[in-house]
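Asker: What would the 3D arrangement of this be:
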Amino acid sequence: MRQVEQGFRVPEVCRIVGITYRQLDYWARTGLVRPSIRDARGSGTQRLYSFQDLVTLRIIKKLLDTGVSLQRVRKAVEQLRDMERPAHGVTLVSDGQRIYEAESPDVLVDLLSRGQAVFAIAVDKVWSDLEGSLEKAARPARGAAQAGGS
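Answerer: A predicted model of the protein is given here:
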């Protein structure tokens, strides 16, 4: 199921992705992930992030949580953006130092057989989990809005 395009404000993004305002602000100012719906324009305007932005932010957080440096994460995010196919079906693999795209199960098995500890992030899974989290979070709000509007 494709999420209908809606904008997510900074407080929601921080809560959903599990990052601080300071991290999000720094990543936006340095161009790692700029809000694709609406960027801040001067005092008083709010950034609006898309669902795809949330997917990218959650992947960045997962990579950072496993010990990958921000500099390497930036390079990986650039590569994902430059792909000529959607990143939706991509699986990322890392040994904590380098980040790889698993093009087939054989490549992943090969990395493991060399004895390197690796992990994988299936962008599909992040996508689905995030959709589920957003649907779950929206249910109580919708019920409260309907109850209050009656």
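
Asker: Now do the contacts for the spatially closest residue to residue 37 that is not a sequence neighbour.
Answerer: In this structure, residue 37 finds its nearest non-sequential neighbour in residue 48, 3.9 Å apart by CB to CB, 6 or more residues apart in numbering. Quick note: C-beta positions are derived from backbone N, CA and C, even for glycine. Taking CB atoms under 8 Å, 6 or more residues apart in numbering, we find residue 48 in contact with 7, 8, 9, 35, 37, 38.

Asker: Going by distance to residue 91, which of those residues wins?
Answerer: Each of those was checked against residue 91 using CB to CB; the closest is residue 8, at 25.0 Å.

Asker: Which phi and psi values does that closest one adopt?
Answerer: The phi and psi values for residue 8, taken as degrees, to the nearest 10, are phi -120, psi 130.

Asker: State the distance from it to residue 127.
Answerer: 15 Å (CB to CB, to the nearest Å).

Asker: same deal with residue 6?
Answerer: Taking CB to CB, one finds residue 6 at 15 Å from residue 127.

Asker: Check residue 94 too.
Answerer: Counting by CB to CB - residue 94 and residue 127 are separated by 19 Å.

Asker: Equivalent analysis for residue 100, please.
Answerer: 19 Å.

Asker: do the same with residue 98
Answerer: 23 Å.

Asker: Let me see the ranges of the helices in the chain.
Answerer: 10-17, 21-29, 51-65, 70-82, 105-113, 123-149 (DSSP state H).

Asker: Give me the neighbour count for residue 125.
Answerer: With neighbours defined by other CB atoms under 10 Å, the count for residue 125 comes to 11.

Asker: go on, residue 98?
Answerer: 13.

Asker: Give me the pLDDT for it.
Answerer: Model confidence at residue 98, given as pLDDT, is 76.

Asker: Not counting sequence-adjacent ones, nearest residue to it?
Answerer: Nearest one to residue 98, counting by CB to CB, 6+ apart, is residue 72 at 7.1 Å.

Asker: shouldn't residue 60 be in contact with residue 32?
Answerer: Yes: using CB atoms under 8 Å, residue 60 is in contact with residue 32, at 7.0 Å.

Asker: what sits in contact with each of those two?
Answerer: 73, 77.

Asker: Of those two, which one has the most company?
Answerer: The residue with more neighbours, out of residue 60 and residue 32, is residue 60; 22 against 18, by other CB under 10 Å.
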